[in-house]
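Enquirer: predicted structure and sequence below. I'll ask about it afterward.
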Amino acid sequence: MAVGRFAPSPTGDLHLGNLRTALVAWLFARSAGSSFLVRMEDLDRVQASADHERSQLADLAALGLDWDGEVVRQSERFDRYEAAIAQLDAAGLTYPCSCTRREIREAASAPHGDPVPDGAYPGTCRDLTDAERRAQAASGRPLALRLRGPGTTVTVHDDLLGEVSALVDDVVLRRNDGVPAYNLAVVVDDAAQGVEQVVRADDLASSAPRQRHLAELLGLPPVAYAHVPLVLGPTGQRLAKRDGAVTLADQQRLGRTPPDVCGVLAHSLGLLAAPEPCTPAELVAAFDPARLARTPWQLTAPDLAPTCP
Ligand code: GLU
């Protein structure tokens, strides 16, 4: 039994890759007789919308994926994230950072000091003197809040990928627009919701070590991970809207029913010998994580053909 979840960002319609991840997450939970939760990761309030949330939930339901309890929205949980930040702050594990993305890029590539891995924060604001801190506060630049990370590599076990290791740097806890950061919110919510297993696309695998470290610092239980290979478009790039009929509604316009789409997804995952129509419920009994495809699924042009006039 491991409580599972699907945590989309309601910033557009779900595409076949998102639906495939949701199907796998649902199968892990339901085949173990566990609860399955849906959380809307709508921290980005510029792009997130109630309309996208409604259409995403409608698509999950149309495909035959159900969930337990109310859908939780991150935009309504800022007090929890701030409580976690206060806990890290009280432990002396935070510091304000005024760096812009460009400054971070430049500092990370400067030809001196220790090499910094791609995307990692080079520590510019980490050890400012009191006078520098005062100047930073007086500068009027928006300040993000960062974790004093261990600067070491953390390894987590992933049920599909094996061991996943990544450097845990000084991750952002609160963005410079005052919004709690993704890594913090995910860790706080998964623990608060009793989530035990995180199943999601493998572009987030490298975030798992950071999230495990944050959970440890906050005294929260570790979750198990299973990162599912991405879905690629016909060009070999990550699937995107421009690739054609990528949403359930697009597919329905091509004459494919939700069971047709479910069958194609299940086949792509190695769960069905042929892409025959099916419902998620019909896949539960035979679901075996060991059979899951471990490589990206590349869609072809006919899978995504535009509607004929
Ligand atoms: N909200 C993220 C996304 O839509 C997923 C985060 C997670 O599952 O931890 O890509």
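Expert: Perfect, I can see it now.
Enquirer: OK, contacts around the residue in the stretch 201-309 of the chain that the ligand sits nearest to?
Expert: Nearest to the ligand in the stretch 201-309 of the chain, going by Cβ to the nearest ligand atom, is residue 204, at a distance of 5.7 Å. For every residue, glycine as well, the C-beta is placed using N, CA and C. Counting by Cβ atoms under 8 Å, 6 or more residues apart in numbering, residue 204 makes contact with residue 227.
Enquirer: surely it is within a strand?
Expert: No - secondary structure of residue 204 (DSSP: H, G, I helix; E, B strand; the rest coil): helix, not part of a strand.
Enquirer: now it: how far from residue 210?
Expert: 10 Å (Cβ to Cβ, to the nearest Å).
Enquirer: one more: residue 281?
Expert: Residue 281 is 35 Å from residue 210, by Cβ to Cβ.
Enquirer: which of these two has more residues huddled nearby?
Expert: For residue 281 versus residue 210, neighbours defined as other Cβ atoms under 10 Å are more numerous around residue 210 (22 against 14).
Enquirer: just checking, that one touches residue 172?
Expert: No - taking contacts as Cβ atoms under 8 Å, residue 210 lies outside contact range of residue 172: 10.4 Å.
Enquirer: now do the same for the residue nearest to residue 174 when sequence neighbours are not counted: its pLDDT.
Expert: The shortest distance from residue 174 to any non-neighbouring residue, by Cβ to Cβ, 6 or more residues apart in numbering, is to residue 145 (4.2 Å). On pLDDT, residue 145 comes in at 98.
Enquirer: in contact with residue 145, which residues?
Expert: Counting by Cβ under 8 Å, 6+ apart, the residues that residue 145 touches are 85, 89, 94-97, 172-174.
Enquirer: just the buried ones from those residues?
Expert: With burial judged by 16 or more other Cβ atoms under 10 Å, the buried subset of those is 85, 94-97, 172-174.
Enquirer: what residues does the spatially closest residue to residue 57 that is not a sequence neighbour make contact with?
Expert: In space, and not counting its chain neighbours, residue 57 is closest to residue 71: 6.7 Å by Cβ to Cβ, 6+ apart. By Cβ under 8 Å, 6+ apart, the contact list for residue 71 reads 38-40, 53, 57.
Enquirer: tabulate the residues you listed (CSV), appending secondary structure and neighbour count.
Expert: Converted to CSV, these look like this (DSSP: H, G, I helix; E, B strand; the rest coil; neighbours: other Cβ atoms under 10 Å):
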residue, secondary structure, neighbour count
38, strand, 23
39, strand, 22
40, strand, 22
53, helix, 19
57, helix, 18
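Enquirer: count of residues packed around the spatially closest residue to residue 304 that is not a sequence neighbour?
Expert: Nearest residue to residue 304, sequence neighbours excluded (Cβ to Cβ, 6+ apart): residue 244, at 3.3 Å. Neighbours of residue 244 under the rule other Cβ under 10 Å: 20.
Enquirer: residue 189 contacts residue 74, doesn't it?
Expert: Yes - counting by Cβ under 8 Å, residue 189 touches residue 74, with 6.7 Å between them.
Enquirer: which one of these two is surrounded by more residues?
Expert: For residue 189 and residue 74, the more surrounded residue by other Cβ under 10 Å is residue 74, and the numbers stand at 25 against 20.
Enquirer: mind checking pLDDT for the more buried one?
Expert: Note on residue 74: pLDDT of 97.
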